[in-house]
Each structure stands twice: as structure tokens, then as C-alpha cells.
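Student: What would the 3D arrangement of this be:
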Amino acid sequence: MRILIACEYSGTERDAFIAAGHDAVSCDLLPSERPGPHYHGDVLKILNDGWDMMIAHPPCTYLSASGMHWTTRGLRDPQLTEDALEFVRALMNCSIPRWCIENPVGAISTHIRKFDQMIQPYDFGDDASKRTCLWLRGLPPLKETMRFPGRMVEWPRGSGKLVERWGNQTDSGQNKLPPSSDRWQKRSTSFAGIAAAMAAQWSII
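Tutor: Numbers count the residues shown, from 1 in each chain. From the prediction side, this is the model:
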């Protein structure tokens, strides 16, 4: 299949599908982090070029629930979210018969439609927790592959209650990455376990 991995600069999912025998190309406004077929530019320019499948990761800065408080408090122009939603609509309305759009919980569900599946990277062998929503067309939900067990910690401290945490989390459940100019970039990198599951399970569609 000819597969477009939209809004991905890491090459993780692209390379997983190439390893499975497909003609996969990543696309992003950033250059690819590793060598491989990559369109460096606006994905809308190549969106209807005869792809058999697309997996898209639209930027979540103005879409995720965790960041929407800036908008609801009047600290950010709401048009930024509207523009981001229009980009998602353009991806969903493309001519590609099979697609998956990935994003955190947020404005897509409340403004366009509810997600089809919610997954966690730790259910696909990665030592990380990050609730991820999938919107699907022509593709079945992903089946979990291998659960990575988290560490058990007492939280709140002194409560006697044990909770599970993963490598990217503090004991309180917050993400360990400190504020920085490239934090969004590190947070948006594809997880290898999920990429492998997509390539294995969706290659036989």
C-alpha cells in the first residue's frame, strides 16, 4: 500500500510500515529526524495524491483539553483552535479510503465527533502513559499487544493507596519533561510499540 504518515517528523511510523513492506512516506513542516522518504512541507498539498492509507498526527497545541484553559480564560485567541479544527476537518474529508487521526482528548471530540478508540502506549510495550485518542475510517480498532507494567507508588503520600506510574511520569502523575522551547516536540514523538502494532495489524486490511 501507499501510506501517508501526516504530521510526523520522527519517521517512527513511516519506518514501521516500510519494514512491513509498504511504500510509506512521512510528511511534516519539519525535516525528518532520520533518513527515509519524507515530504518536507504542507501535507494538504499532497493529501489527495492517491494514497491507500493515512495516519495523521495534527498538532495538538490548540486542540488538547490540557491546553484549552488558556483559551477559555481569554489568554489565547480562540481562532487558533478554530484554525486547528479546520485542518483536522480537511484531513478527515480527504479522498483516502482508510485513515487514522491521532490526538489527545480535546476539541476534536467536542467540535467534530467522538473518537473511536482510546489507547495507552503501555498497552503496546512502551514504558509511558499518555492517553491517546484515535479517529478511524476503514480501519479496525488496534488490539493491545504487550502491557508494560508500571511501578507502584503510594500516592498521595501517606494515604496507603498504591497507584501505577510509568517512566515518563512523576509519582504524582505529571509528565517529567520540564518546560522548554522543544517540549512539545519531545511530547509529540511517536511511540515505537504503537507504530509496530499499526504496521502489523493494519497491513492485512
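Student: can we go C-alpha only for contacts and neighbour counts from here?
Tutor: OK.
Student: can you give me the helices for the chain?
Tutor: 12-19, 69-72, 78-92, 107-111, 183-187, 192-202 (DSSP state H).
Student: could you say what helices and strands the fourth one packs with?
Tutor: So the one you mean is helix 107-111. helix 78-92 (3 or more C-alpha pairs under 8 Å, 6 or more residues apart in numbering; DSSP states H and E).
Student: Put the alpha carbons of the helix it packs on into CSV.
Tutor: The C-alpha trace of helix 78-92 is given here as CSV (Å, rounded to 0.1, in the frame of the first residue of the first chain):
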residue,chain,number,x,y,z
PRO,A,78,-9.9,31.2,20.1
GLN,A,79,-9.3,31.5,16.3
LEU,A,80,-6.2,29.4,16.8
THR,A,81,-8.4,26.4,17.9
GLU,A,82,-10.8,27.1,15.0
ASP,A,83,-8.0,27.0,12.5
ALA,A,84,-6.6,23.8,14.0
LEU,A,85,-10.1,22.2,13.8
GLU,A,86,-10.4,23.2,10.1
PHE,A,87,-7.1,21.4,9.5
VAL,A,88,-8.5,18.3,11.1
ARG,A,89,-11.7,18.6,9.0
ALA,A,90,-9.5,18.8,5.9
LEU,A,91,-7.7,15.6,6.9
MET,A,92,-11.0,13.8,7.6
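Student: Give me the mean pLDDT for it.
Tutor: For helix 78-92, mean pLDDT is 93.
Student: Show me how far it is from its chain's centre.
Tutor: 16 Å (C-alpha atoms, centre = their mean, to the nearest Å).
Student: Residues touching that helix, excluding its own?
Tutor: 44, 47, 56, 58-59, 62-63, 71, 99, 107-108, 111-112 (C-alpha atoms under 8 Å, 6 or more residues apart in numbering).
Student: Could you do stretch 159-172 as well?
Tutor: Residues contacting stretch 159-172 (C-alpha under 8 Å, 6+ apart): 122, 127-129, 149-156, 173, 175-177.
Student: switch the cut-off to 6 Å
Tutor: 127-128, 150-155, 175-176 (C-alpha atoms under 6 Å, 6 or more residues apart in numbering).
Student: start to end distance for that stretch?
Tutor: 13 Å (C-alpha to C-alpha, to the nearest Å).
Student: And stretch 62-77, by the same measure?
Tutor: 10 Å.
Student: And for stretch 89-105?
Tutor: Span of stretch 89-105 from end to end, C-alpha to C-alpha: 16 Å.
Student: Return the distance of that stretch from the chain's centre.
Tutor: 12 Å.
Student: and what of stretch 127-142?
Tutor: 8 Å.
Student: and the helices of the chain as TSV, adding distance to H38 and mean neighbour count?
Tutor: Converted to TSV, the helices of the chain look like this (distance: least, C-alpha to C-alpha, whole Å; neighbours: other C-alpha atoms under 10 Å):
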stretch	distance to H38	mean neighbour count
helix 12-19	9	23
helix 69-72	33	13
helix 78-92	18	16
helix 107-111	27	16
helix 183-187	17	12
helix 192-202	17	19
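Student: P31 is nearest to which of those?
Tutor: Closest of these to P31 is helix 183-187, at 12.5 Å (criterion: C-alpha to C-alpha).
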